[in-house]
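Engineer: Structure, please.
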Amino acid sequence: MKEFIIRYWLEFMFAAAISIMGGAIKRMKKQYEKAKTDNEAIKSGMKALLRAEIIATYNHYAEQKTLPIYARENLYGLYREYEALGGNGAIKDLMEIACEWPTH
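Structural biologist: Next up is the predicted model:
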């Protein structure tokens, strides 16, 4: 009788442990998916902000067709981070045009 109780008690304990681990894995997966979604949203938002700042700087100096050194360095920094986040498109063309302008 004692062996019977020990045997089924151990089976019950293993089943409970597996159930708890399964629940924990589900929670971790859900947290991972939420973090991944949040990260993508932050990345997209940051890319949009960088793009807007590059365009604003370009438009500010477009009429003069000249860039102060600090503005050129700022544009390079913004574009480097924009590109690292996967940005592309017309911003690359704007950068090429702006980089041809003389500095003062």
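Engineer: Longest helix in the chain, by number of residues?
Structural biologist: If you go by DSSP state H, the chain has its longest helix at helix 2-62.
Engineer: OK, contacts around the residue nearest the centre of the chain?
Structural biologist: Central residue check for the chain by C-alpha atoms, centre = their mean: the C-alpha nearest the mean position is that of residue 43, 3.4 Å away. Shown here is residue 43, whose contacts under the criterion C-beta atoms under 8 Å, 6 or more residues apart in numbering are 85, 86. For the C-beta atoms, the positions are set from N, CA and C on the backbone; glycine is no exception.
Engineer: cutoff 6 Å now
Structural biologist: Going by C-beta atoms under 6 Å, 6 or more residues apart in numbering, residue 43 touches residue 85.
Engineer: repeat for residue 56
Structural biologist: When contacts are counted by C-beta under 6 Å, 6+ apart, residue 56 touches no other residue.
Engineer: Residue 94 now?
Structural biologist: The neighbours of residue 94, taking C-beta under 6 Å, 6+ apart as the test, are residue 58.
Engineer: Against residue 50, how distant is the residue nearest to the centre of the chain?
Structural biologist: Noted for residue 43: a distance of 11 Å to residue 50, by C-beta to C-beta, to the nearest Å.
Engineer: Residue 79 reaches residue 95, doesn't it?
Structural biologist: Yes: Residue 79 is within contact range of residue 95, at 5.1 Å (criterion: C-beta atoms under 6 Å).
Engineer: who has more neighbours, those two?
Structural biologist: Residue environment comparison for residue 79 versus residue 95 gives the larger neighbour count to residue 79, 21 against 18, counting by other C-beta atoms under 10 Å.
Engineer: So the more buried one belongs to a strand, correct?
Structural biologist: No: assessed with DSSP: H, G, I helix; E, B strand; the rest coil, residue 79 is helix; it does not lie in a strand.
Engineer: Retrieve the pLDDT associated with residue 72.
Structural biologist: Predicted confidence (pLDDT) at residue 72: the value is 93.
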